[in-house]
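Student: Compute the structure for the input listed below.
(one chain, ligands or ions: 2)
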Amino acid sequence: MQVLCKSLHMENRIALVTGATSGFGEAIVRRFIHEGIKVVGTGRRKERLDQLKAELGDHFVGIVMDVQDKQSVFDAIQQLPSEMSKIDILVNNAGLALGISPAQQSKLEDWERMVSTNINGVLYCTHALLPGMVERNAGHIINIGSIAAEFPYPGGNVYGGTKAFVRQFSLNLRADLLGTAIRVTDIEPGLCGGTEFSAVRFNQDLQKVKSIYEGTDPILPEDIAETVFWTVNLPGRVNVNTISMMPTCQAFGALPISRRK
Ligand code: NDP
Ligand code: 8X3
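Tutor: Ligands and ions are numbered 1, 2, ... in the order given. Model (predicted):
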């Protein structure tokens with residue numbers, strides 16, 4: 001396939017995007033490829049990666065990887081084709097929320113899965129790729145956090161906790177990487193549509209999913225891809241630490257108070 005290369009200075013860059021099989025990850029892959037960046041896309045669903053490969057051609061390599069599984073992550077990264085092995089953009093995007101129950105009614109297995117995907121997944125990919133970036137003194141790590149890192153809401157318990165970890169880890173990485181050319185950015189979106197996020201969160205209860213988005217104009221995956229590319233495309237002297245973004249139809253509420261009856 002002929003890739004339309006808009007940004008000539010991007011054409012030697014190689015990105016690894018986790019969670020490329022859906023939603024934000026897929027949109028980021030498409031945007032990067034459009035800009036001439038070569039992309040390694042990962043996810044658990046091989047058929048989706050195969051479809052992307054058929055569509056996007058030589059600039060895309062799909063790798064099946066469960067980010068919860070340390071060995072799977074390290075094996076996959078070690079076995080990257082040599083021409084795609086020097087990753088200089090890592091997008092830690094794979095992640096999920098499970099349920100919206102109060103903490104006292106939540107399933108421990110759901111909490112564990114959110115921690116192992118949203119936290120361990122970010123740690124494994126970062127640990128596997130950061131030393132090479134430091135050695136080459138080139139790289140940009142973009143973590144997909146959430147407004148849930150900063151704004152608590154009922155039922156956000158562990159999901160918000162995992163994204164608060166992502167935010168603070170991103171900032172602490174910056175502290176460690178001072179003096180290198182490596183950049184770290186945490187992008188924190190609010191209500192977004194056009195992804196599988198809510199279907200996963202509500203265990204495929206599509207009525208519930210519909211009710212979340214009814215009458216709203218949420219952020220779309222293309223908006224996230226645009227934001228990610230903007231941070232990558234800024235001059236190397238600029239590091240965007242965090243971006244908090246909401247759809248215009250979303251804002252802040254008053255803090256609730258429980259009153260005696
Ligand atoms: P989607 O459910 O559409 O995409 C999630 C992606 O993560 C899929 O490609 C999925 O691939 C991958 N993934 C999930 N678990 C694993 C795993 N164990 N190993 C490897 N890959 C995995 O959701 P979004 O695109 O909406 O979400 C992307 C990120 O954005 C998440 O981190 C989410 O928390 C965050 N976010 C989402 C918001 C929203 O409202 N949509 C708002 C704020 C943040 P596969 O199933 O093939 O493994
Ligand atoms: C997803 C946004 O508000 O559902 O991270 O937590 S929210």
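Student: ok, which stretches of the stretch 151-261 of the chain are helices?
Tutor: 157-177, 197-201, 206-213, 221-233 (DSSP state H, counting those that start in this stretch).
Student: Format the ones you listed as CSV; extra columns: mean neighbour count, mean pLDDT and distance to Gly57.
Tutor: Placement of C-beta: from N, CA and C, glycine included. Formatted as CSV, the helices of the stretch 151-261 of the chain follow (neighbours: other C-beta atoms under 10 Å; pLDDT from 0 to 100; distance: least, C-beta to C-beta, whole Å):
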stretch, mean neighbour count, mean pLDDT, distance to Gly57
helix 157-177, 18, 98, 32
helix 197-201, 19, 98, 28
helix 206-213, 12, 98, 33
helix 221-233, 19, 98, 19
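Student: need these in CSV with distance to ligand 1, can you?
Tutor: Formatted as CSV, the helices of the stretch 151-261 of the chain follow (distance: least, C-beta to the nearest ligand atom, whole Å):
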stretch, distance to ligand 1
helix 157-177, 7
helix 197-201, 3
helix 206-213, 9
helix 221-233, 6
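Student: could these go into JSON lines alongside distance to Ala103?
Tutor: Formatted as JSON lines, the helices of the stretch 151-261 of the chain follow (distance: least, C-beta to C-beta, whole Å):
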{"stretch": "helix 157-177", "distance to Ala103": "4"}
{"stretch": "helix 197-201", "distance to Ala103": "16"}
{"stretch": "helix 206-213", "distance to Ala103": "20"}
{"stretch": "helix 221-233", "distance to Ala103": "28"}
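Student: thought Ile37 was touching Leu16?
Tutor: No: with contact defined as C-beta atoms under 8 Å, Ile37 does not count as touching Leu16 (10.7 Å).
Student: Could you tell me which residues touch both of those two?
Tutor: Ile89 (C-beta atoms under 8 Å, 6 or more residues apart in numbering).
Student: rewinding a little: closest one to Arg259 among the helices of the stretch 151-261 of the chain?
Tutor: helix 157-177 (23.4 Å; C-beta to C-beta).
Student: pull the CA atoms of that closest one into CSV?
Tutor: The C-alpha trace of helix 157-177 is given here as CSV (Å, rounded to 0.1, in the frame of the first residue of the first chain):
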residue,chain,number,x,y,z
ASN,A,157,-12.6,3.6,42.9
VAL,A,158,-9.9,1.4,41.5
TYR,A,159,-10.1,2.6,37.9
GLY,A,160,-9.5,6.2,39.1
GLY,A,161,-6.7,4.8,41.3
THR,A,162,-5.0,3.1,38.4
LYS,A,163,-5.1,6.3,36.3
ALA,A,164,-3.8,8.4,39.2
PHE,A,165,-0.8,6.0,39.2
VAL,A,166,-0.4,6.6,35.5
ARG,A,167,-0.3,10.3,36.0
GLN,A,168,2.2,10.3,38.9
PHE,A,169,4.4,7.7,37.2
SER,A,170,4.5,9.8,34.1
LEU,A,171,5.6,12.9,36.1
ASN,A,172,8.1,10.9,38.1
LEU,A,173,9.6,9.5,34.8
ARG,A,174,10.2,13.1,33.8
ALA,A,175,12.1,13.7,37.0
ASP,A,176,14.4,10.7,36.3
LEU,A,177,14.9,11.5,32.6
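Student: Low-confidence ranges, the stretch 51-200 of the chain, go.
Tutor: Regions of the stretch 51-200 of the chain meeting the criterion pLDDT under 70 are absent.
Student: Can you pull up the residues of it that come close to ligand 1?
Tutor: 65-68, 93-96, 117, 144, 146, 189, 191-192, 195-197, 200 (C-beta under 6 Å from any ligand atom).
Student: Buried among the residues you listed? Make that a PyMOL selection.
Tutor: To isolate the buried members of those in PyMOL, using 16 or more other C-beta atoms under 10 Å:
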select buried, resi 65+66+67+68+93+94+95+96+117+144+146+189+191+192+195+197+200
